[in-house]
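Chemist: Provide a 3D model corresponding to the input given below.
(one chain, ligands or ions: 1)
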Amino acid sequence: MSLFVVKKSGPLNGEISLSGAKNAVLPELCAGLLTEEECVIKGVPPLNDVFVLIDILRKTGADVKYDEISQEARIKAAYTGGDVSNEHEAVKMRASFLIMGPLLARNGSARLPLPGGCPIGSRPVDLHLKGFESLGAKIKQEHGTAEAKGAKLKGGYIYLDFPSVGATENIIMAASITEGVTVIENAAVEPEIMDLINFLNKMGASVFCLGNGTIKITGVKRLHGTEHTVIPDRIEAGTFMAAAAVTSGDIIIKNAVYGHIKPAAAKLAECGMTVDELEEGLRVYSTGKRKAFNIKTMPFPGFPTDMQAIFMSIMTIAKGTSIVTETVFENRFLQAGELKRMGADIKTEGRVAVVEGVKKLTGSHVNAPDLRAGAALIISALAAEGQTEIGDIYHIERGYSRIDEKLRAIGADIKKIEEETEERDKKDRNDLGNTVSIPEKKETE
Ligand code: UD1
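Modeler: Below you'll find the model as predicted:
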């Protein structure tokens, strides 16, 4: 098992850069299926989610090249007729359902495994499917798959019961090459969706955000290839902001966009941090002791659910009582149990968590329960006395590229202990005739 080993650190100090936004890259890779011409996407971070999606895109028949060094992906989808209805990875990775809209519009039909539930909630895809129905597609769900058929789709009117990010993206993509005008009301308007819209419009689409959650798409006959650089990852920015907060640090987050992280900046101001907008990004620094604050997660421009766990880590050591209300997912306090192992005082009931700030956290062995809950454990570990060992870090690496290296560069004491290294060392020792029952952990820096 690979681990992050983190010791109490700080105050963090220095400059840190953001990767391209995972949640923008994933739909944009899918949008590459909408044209036969080559699309080039720059700033694609080398994340496990990206690798899994690229594999699935290749199964559709698209030619996808990815260069980890230049972080550039090239998609040329001359053919998209490959069968992906049995892709097990697609069941595990919900974002892969975003190929449904492009495949339906491009091929006249699409059949995909229904994504499974996940620890944070049941996560249905009914809104995606309702959207396709409004474009005239016939939907069939059987044997764990969803099929959408519609050789002659037509623009339609869609009201989303909830501003779902994925449903909004899937419908926009399908409608972009569907004849007629499509209007989505109560659409999600996250910055990643705006970036997808920019990308599609560069491909020749006609998508406009009319304000008040209304998006209008005028279908065009075909899209063409283009080049696009993805926006910086605002959730990664929030993670580094929280790292500065728990260590009373002073950091510059290069290329962070203030407009994308306003709710997080507002909460930091409430808890005794200052966020200054600079030409090169944001300066985040401590201007006092951490004070309790409350969070209610909401669709953008509300406080993002993806930063909820990370900001709960700040609350655990802030003076006073903080309250978190999670309105987006039904079970997104998976971090609480692990934080309690580190000495945090958290009570959860349904969608509400009450966090009583404690004087100190203590290092423990904890496991990342999911991506953002895992990131929260890193943040808390930076403030915890002694050493914290974080297991199951594959969850964290689904969404963060080189988080240990980046944090180390601003003074964090964090090391990654690699599974492969352990296994190789064990094998080497066995090859030399040594019997080793417990592999010695090797640190990689
Ligand atoms: C995206 C993000 C994820 C983020 C979430 C909310 C990507 C790849 N992932 O996920 O990091 O946490 O937005 O900001 O961009 N819902 C339905 N029916 C549907 C679709 C959604 O009931 O058809 C519900 C979900 O169960 C959930 C809520 O709507 O409770 C929000 O989900 P949604 O916005 O769709 O999230 P994702 O697109 O899956």
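
Chemist: next up, the contacts around the residue of the stretch 151-300 of the chain found nearest the ligand.
Modeler: Using CB to the nearest ligand atom, residue 166 is the residue of the stretch 151-300 of the chain that sits closest to the ligand, at 2.8 Å. For glycine as for every other residue, the C-beta is placed from the backbone atoms N, C-alpha and C. For residue 166, the contacting residues are 94, 95, 97, 98, 125, 128, by CB atoms under 8 Å, 6 or more residues apart in numbering.

Chemist: go again using 10 Å as the cut-off
Modeler: 23, 26-27, 94-95, 97-98, 100-101, 115, 123, 125, 127-128, 188, 193 (CB atoms under 10 Å, 6 or more residues apart in numbering).

Chemist: for the stretch 51-200 of the chain, list the residues in contact with the ligand, please.
Modeler: Counting by CB under 6 Å from any ligand atom, the stretch 51-200 of the chain comes close to the ligand at 94-95, 121, 123-128, 162, 164-167, 188, 192.

Chemist: neighbours of residue 241, just the number please.
Modeler: Counted with other CB atoms under 10 Å, residues neighbouring residue 241 total 27.

Chemist: would you mind listing what in the stretch 301-445 of the chain touches the ligand?
Modeler: Within the stretch 301-445 of the chain, the positions near the ligand by CB under 6 Å from any ligand atom are 305, 306, 328, 329.

Chemist: about what we covered before: most surrounded residue in the contacts of residue 166?
Modeler: Counting neighbours by other CB under 10 Å, residue 101 leads these with 33 neighbours.

Chemist: and after the host helix or strand of that one, which helix or strand comes next?
Modeler: Element membership of residue 101 [criterion: DSSP states H and E] is helix 100-107. Downstream of helix 100-107, the first helix or strand assigned by DSSP H and E is strand 109-113.

Chemist: state the mean pLDDT of whichever helix or strand comes after that following strand.
Modeler: Using DSSP H and E, the helix or strand that follows strand 109-113 in sequence is helix 126-134. The average pLDDT within helix 126-134 is 97.

Chemist: off-centre distance for the host helix or strand of residue 348?
Modeler: In this assignment (DSSP H and E), residue 348 forms part of strand 345-349. Its chain's C-alpha centre lies 25 Å from the corresponding centre of strand 345-349 when counted by CA atoms, centre = their mean, to the nearest Å.

Chemist: can you check stretch 158-167 too?
Modeler: Distance, centroid of stretch 158-167 to centroid of chain: 18 Å (CA atoms, centre = their mean).

Chemist: buried residues in it?
Modeler: Counting neighbours by 16 or more other CB atoms under 10 Å, one finds that the buried residues in stretch 158-167 are 158, 160, 163, 164, 165, 166, 167.
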